[in-house]
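S.K.: fold the following and give me the result.
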Amino acid sequence: MARDQIDMTPLQSRDELVAWLEAGVKPESEFRIGTEHEKTPFTLEGHQPVPYEGAKGIGALLEGMKLLLGWEPIMERGNIIGLYDVTGGGAISLEPGGQFELSGAPVETVHQTQSELMAHLAQVREIATPLGIGFLGLGMTPSWSREQIPVMPKGRYKIMRNYMPKVGKYGLDMMFRTCTVQTNLDFSSEADMVKKLRVSLALQPIATALFANSPFTEGKPNGFLSFRSEIWRDTDNARSGMIPFAFEDGMGFERYVDYALDVPMYFVKRGEEYIDVSGSSFRDFFAGKNKILPGERPTLSDWANHLSTIFPEVRLKRYLEMRGADGVPWGRLPALPAFWVGLLYDNDSLDAAWDIVRHWTAPERQALRDDVPRFGFKARIKDRYLFEIAKECLILSHAGLRRRGRIDHLGRDESRFLEPLERIIEAGRSPAEEMLEKFDGAWKGSVEPVYQEYAF
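M.R.: Numbers count the residues shown, from 1 in each chain. Alright, predicted model coming up:
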């Protein structure tokens with residue numbers, strides 16, 4: 001998650017909320033790619049969760065990274081909870097259970113995404129290995145119970161932890177046991193935003209199937225290929241899902257603002273303090289009618305924070321965030337930005353992708369999204385298997401990346417980063433299915449080997 005914003009200008013009108021989103025519009029020449037990925041820290045000895053405190057804890061890891069990188073620390077009540085790269089714009093933050101997140105800087109090509117990732121992994125290893133910490137590239141912790149997982153010292157998470165069980169079955173699992181990789185992409189106009197949002201929402205289940213990588217819970221198969229994706233189906237449905245309104249006539253920045261105004265809030269941040277306003281709407285806060293902060297009006301900072309607590313499959317901020325993929329081992333990470341850049345940043349591919357999804361209805365899109373965590377490529381929409389559609393989209397993405405023609409120093413374009421996905425399609429099965437086969441075969445019914453084979 002991004003750093004909590006600090007613009008404290010009080011808001012006067014709904015137009016300002018719309019304008020905040022609209023400010024994301026930029027010319028194609030300024031389009032960038034942002035990649036965020038989370039990984040689960042574990043103790044190299046014993047494969048246990050890593051606490052925040054202590055000489056070998058997550059706090060010590062962040063302190064070491066601060067010294068190594070020279071990045072600005074992000075502090076909360078005397079604890080280091082993240083780092084910020086003032087020059088490049090990247091950040092390191094902690095998810096609730098200590099999942100270690102790199103929010104990459106906005107870069108121009110997937111080659112740069114790859115370089116950033118490799119540098120980050122080398123840096124993290126340099127500090128983590130002497131502390132006895134490793135990192136796992138899975139969509140969900142494969143062997144720990146929720147009770148085992150330490151809680152990071154962040155005020156917003158305390159509020160979320162209390163609120164989550166009131167609104168869904170899996171909110172705490174989402175917070176403490178899941179990891180994702182996501183890609184953030186730009187738009188050149190309101191119409192461009194809407195088109196990209198629709199295409200990426202409809203096709204998010206394809207990313208879920210291609211990256212499905214969370215088949216184990218507490219040491220046993222859980223019956224799903226992406227249990228992380230299943231978790232999101234019952235975390236908090238007031239703030240997640242397939243946002244069907246995005247496909248209706250009149251969709252634009254204003255319509256998203258109206259949706260966000262009614263999504264229940266978690267917190268309001270004042271100075272160092274997180275004030276629990278969970279369950280109340282931003283609309284009431286905007287009208288000065290929040291019971292906890294009577295008469296107080298929100299700031300742009302409150303709005304930016306609120307938008308970061310909405311979790312649809314694709315999220316609109318000042319860019320679009322693709323949120324459907326499980327966390328994966330490092331070799332497969334650049335494949336996610338490559339896939340979406342090839343589809344969305346090339347107009348021919350974007351048009352062709354829209355042709356694939358334009359006739360799907362809201363119930364059909366929802367059914368596909370509901371089926372994909374369990375069935376992966378075998379999920380269906382209309383009379384087609386998701387596998388066929390995934391294959392088609394991969395071809396479109398590949399063509400889009402070739403047309404983009406961003407060449408590295410060896411003369412290769414970005415389509416090379418799709419290779420891991422092309423291997424998955426050739427094999428006809430998702431990463432989770434491959435893992436389940438190993439569990440039944442070479443791993444002899446144990447998930448312990450993941451800590452070697454799927455570690456960073």
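S.K.: I'd like the next helix or strand past the lengthiest strand in the chain.
M.R.: As assigned by DSSP state E, the longest strand anywhere in the chain is strand 33-43. Where DSSP states H and E defines the elements, the next helix or strand beyond strand 33-43 is helix 58-69.
S.K.: got the contact list for the following helix or strand past that following helix?
M.R.: Per DSSP H and E, the first helix or strand lying C-terminal to helix 58-69 is strand 72-76. With Cβ atoms under 8 Å, 6 or more residues apart in numbering as the contact definition, strand 72-76 has outside contacts at 3, 62, 66, 80-86, 91, 93, 153-155, 272. To be clear about C-beta, it is placed using only N, CA and C from the backbone, and glycine gets the same treatment.
S.K.: now do stretch 296-312
M.R.: 1-2, 4-11, 16-17, 20, 201, 232, 235-236, 239-243, 260, 263, 265-269, 282, 285-286, 288, 290, 315-317, 323.
S.K.: run through who's touching stretch 77-89.
M.R.: Residues beyond stretch 77-89 that count as contacts (Cβ under 8 Å, 6+ apart) turn out to be 3, 52, 59, 62-63, 65-66, 69, 71-75, 90-94, 105-106, 152-155, 272.
S.K.: among these, the buried ones, what's the PyMOL command?
M.R.: PyMOL command restricting the contacts of stretch 77-89 to the buried ones, with burial defined by 16 or more other Cβ atoms under 10 Å:
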select buried, resi 3+52+59+62+65+66+69+71+74+90+91+92+93+94+105+106+152+153+154+155
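S.K.: returning to what we had before: please narrow the contacts of stretch 296-312 to those residing in strands.
M.R.: Residues of the contacts of stretch 296-312 located in strands (DSSP E): Ser240, Gly241, Phe267, Val268, Lys269, Arg315, Leu316, Arg323.
S.K.: who's in contact with Gly331?
M.R.: Neighbouring residues of Gly331 by Cβ under 8 Å, 6+ apart: Pro420.
S.K.: low-confidence ranges in the chain?
M.R.: For the chain, the stretches flagged by pLDDT under 70 are 1-7.
S.K.: who's sitting farthest from the centroid in it?
M.R.: For the chain, the residue at maximal distance from the C-alpha centroid (Cα atoms, centre = their mean) is Gly295, at 34.8 Å.
S.K.: quick one: that one from Ser281, how far?
M.R.: Noted for Gly295: a distance of 16 Å to Ser281, by Cβ to Cβ, to the nearest Å.
S.K.: got it, and Met242?
M.R.: Look at Met242 and Ser281: by Cβ to Cβ, they are 21 Å apart.
S.K.: with Ser200 instead?
M.R.: As defined by Cβ to Cβ, Ser200 lies at a distance of 27 Å from Ser281.
S.K.: between those two, who's got more neighbours?
M.R.: When Ser200 and Ser281 are compared for neighbours, Ser200 comes out ahead with 27 against 19, by other Cβ atoms under 10 Å.
S.K.: show me the contacts of strand 72-76 that map onto helices.
M.R.: Among the contacts of strand 72-76, the ones falling in helices (DSSP state H) are Leu62, Lys66, Gly155.
S.K.: show me what contacts the first one?
M.R.: The contact partners of Leu62, taken as Cβ under 8 Å, 6+ apart, are Pro73, Ile80, Ile81, Gly82, Leu83, Ile92, Leu94.
S.K.: with distance to Ala207 added, can I get the residues you listed in a markdown table?
M.R.: Shown next, in a markdown table, are those (distance: Cβ to Cβ, whole Å):
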| residue | distance to Ala207 |
| --- | --- |
| Pro73 | 33 |
| Ile80 | 33 |
| Ile81 | 29 |
| Gly82 | 26 |
| Leu83 | 28 |
| Ile92 | 24 |
| Leu94 | 24 |
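S.K.: now, which of those sits nearest Arg332?
M.R.: Here the nearest of these to Arg332, counting by Cβ to Cβ, is Ile92; it sits at 20.7 Å.
S.K.: Leu418 versus that closest one, what's the distance?
M.R.: 27 Å.
S.K.: same thing with Ala335?
M.R.: 6 Å.
S.K.: ditto for Arg406
M.R.: 14 Å.
S.K.: go on, Asp258?
M.R.: 37 Å.
S.K.: the more surrounded of the two?
M.R.: Leu418 (21 against 14).
S.K.: does that one belong to a helix, a strand or coil?
M.R.: With DSSP: H, G, I helix; E, B strand; the rest coil as the basis, Leu418 sits in helix.
S.K.: contacts only, for it.
M.R.: Ala335, Ala338, Phe339, Gly342, Leu394, Ser397, His398, Leu401.
S.K.: list the buried ones in the helix or strand where the last one lies?
M.R.: The reference is to Leu401. Using DSSP H and E, Leu401 sits in helix 386-404. By neighbour count on 16+ other Cβ under 10 Å, the buried set for helix 386-404 is 386-387, 389-391, 393-401, 404.
S.K.: now do that helix: which elements does it pack against?
M.R.: Packing contacts for helix 386-404, counted by 3 or more Cβ pairs under 8 Å, 6 or more residues apart in numbering; DSSP states H and E, involve helix 190-210, helix 335-344, helix 347-357, helix 362-375, helix 419-427.
S.K.: the stretch 101-250 of the chain: helices as residue ranges?
M.R.: Applying DSSP state H, counting those that start in this stretch to the stretch 101-250 of the chain gives helices spanning 110-128, 155-167, 171-177, 190-210, 227-233.
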